[in-house]
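In: Sequence and predicted structure, then a few things I'm wondering about:
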Amino acid sequence: MHPDDPSDQKLTDARPTTPSDDAASTERTIGRHRAAEPPRRALLGSTPVRVALATGVTCCLSLVAVATARGNHDAPRTVEPLAEAVADRAAIADERASRSLDRDAAPARILPPSPTAKPTPTPTAVRKAPKKPVKPRRPRPVAGLDQAQMDNAKIIVDVGLEMKMPRRALVVALATAMQESNLYNLASDVLPESAEYPNQGSGSDHDSVGLFQQRPSSGWGTVAQLMRPSYAAGAFYSALNEIPGWQDMSVTAAAQAVQISAYPDAYAQHEDRASTVAAALTA
């Protein structure tokens with residue numbers, strides 16, 4: 001056959017290769033001073049396996065390329081909003097930090113009353129019960145007096161102090177009442193009206209009534225007035241003030257100048273007790 005005949009070439013290429021030819025070919029490929037290439041595994045040498053591996057690698061490379069391209073396109077859109085959000089948060093933090101911690105609380109909002117709401121009734125003030133007047137402490141009796149006598153003596157002294165009378169006048173008034181009524185507020189058997197008022201007994205010396213046995217008929221006052229110990233004491237001090245120089249008189253003389261009694265010397269016997277009582281009530 002001719003050397004260029006195709007059939008001849010096919011026969012020549014189809015010759016089986018011998019181990020010697022493979023070794024020589026390998027040696028020519030890698031060189032004389034290089035180590036011989038180790039034989040490959042039979043599995044990798046299989047054509048289907050090689051095709052599968054190539055297909056897998058190609059798919060992985062395609063996915064990486066797609067992800068990279070998508071990331072490059074989406075990066076600007078994601079980074080820019082994130083940067084803006086960070087900047088806004090930093091500005092808010094600066095603004096909060098610059099505020100004063102001592103600022104006043106916001107005023108409470110007062111809502112207008114509902115047209116259907118009923119007004120709250122205003123509580124009425126609770127009236128406190130008036131306190132009962134405290135009774136003054138009764139003075140302790142001295143100089144042989146009982147409690148009723150000592151109470152009347154205190155009224156005589158208190159009225160004299162209110163009228164700015166000196167201590168001497170208090171003694172004169174006490175001695176006079178001791179002589180006239182024994183320091184009891186007496187009614188009169190002659191004046192039945194006098195028994196209608198508080199009294200501590202009765203006398204029968206004409207129309208004389210009260211602590212000082214003053215007579216309504218002589219112009220000292222009405223029966224009702226003279227039966228009040230405070231009024232009777234005030235009437236006595238007023239009459240004493242009208243006696244010129246009474247301060248220099250004896251107790252008996254001063255008392256007689258006011259009372260004009262039938263027994264002018266009787267008042268002197270009460271001077272010491274009257275002085276003791278006056279001292280006890282003005283201490």
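Out: It's in. Quantities reported herein were computed from a predicted structural model and do not represent experimental measurements.
In: for the chain, what spans make up the helices?
Out: For the chain, the helices defined by DSSP state H occupy 6-13, 19-30, 47-97, 147-162, 167-181, 223-226, 229-241, 251-259, 271-281.
In: for the record, mean pLDDT for the fourth one?
Out: Per-residue pLDDT values across helix 147-162 average out to 98.
In: Now do the contacts for the closest residue to residue 268 other than its chain neighbours.
Out: Leaving aside its sequence neighbours, residue 268 sits nearest to residue 252 (Cβ to Cβ, 6 or more residues apart in numbering; 4.3 Å). For the C-beta atoms, the positions are set from N, CA and C on the backbone; glycine is no exception. Contact partners of residue 252, counting by Cβ atoms under 8 Å, 6 or more residues apart in numbering, are 264, 265, 266, 267, 268, 271.
In: Let me see the contact set for the fourth one.
Out: With contact set as Cβ under 8 Å, 6+ apart, residue 267 has these partners: 175, 176, 179, 251, 252, 255, 256, 261.
In: Among these, pick out the one closest to residue 205, please.
Out: Among the contacts of residue 267, residue 261 lies closest to residue 205 (Cβ to Cβ), at 10.3 Å.
In: Need the phi and psi values for the closest one.
Out: phi -90, psi 160 (degrees, to the nearest 10).
In: what's the spacing between it and residue 279?
Out: According to Cβ to Cβ, to the nearest Å, residue 261 and residue 279 sit 26 Å apart.
In: and if you look at residue 218?
Out: In this structure, residue 218 and residue 279 are 32 Å apart, going by Cβ to Cβ.
In: now do residue 192
Out: Residue 192 sits 39 Å away from residue 279, going by Cβ to Cβ.
In: So for those two, which residue has more residues nearby?
Out: residue 279 (14 against 11; other Cβ atoms under 10 Å).
In: Would you enumerate the residues in contact with that one?
Out: Under the criterion of Cβ under 8 Å, 6+ apart, residue 279 has no neighbours.
In: what does residue 172 give?
Out: The contact partners of residue 172, by Cβ under 8 Å, 6+ apart, come to 240, 246, 251, 254, 255, 274.
In: Include pLDDT when you put those residues into JSON lines, please.
Out: Output for the contacts of residue 172, formatted as JSON lines (pLDDT from 0 to 100):
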{"residue": "240", "pLDDT": "98"}
{"residue": "246", "pLDDT": "96"}
{"residue": "251", "pLDDT": "95"}
{"residue": "254", "pLDDT": "97"}
{"residue": "255", "pLDDT": "97"}
{"residue": "274", "pLDDT": "98"}
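In: For the residues you listed, which entry has the maximal number of neighbours?
Out: The member of the contacts of residue 172 that has the most neighbours, counting by other Cβ under 10 Å, is residue 255 with 31 neighbours.
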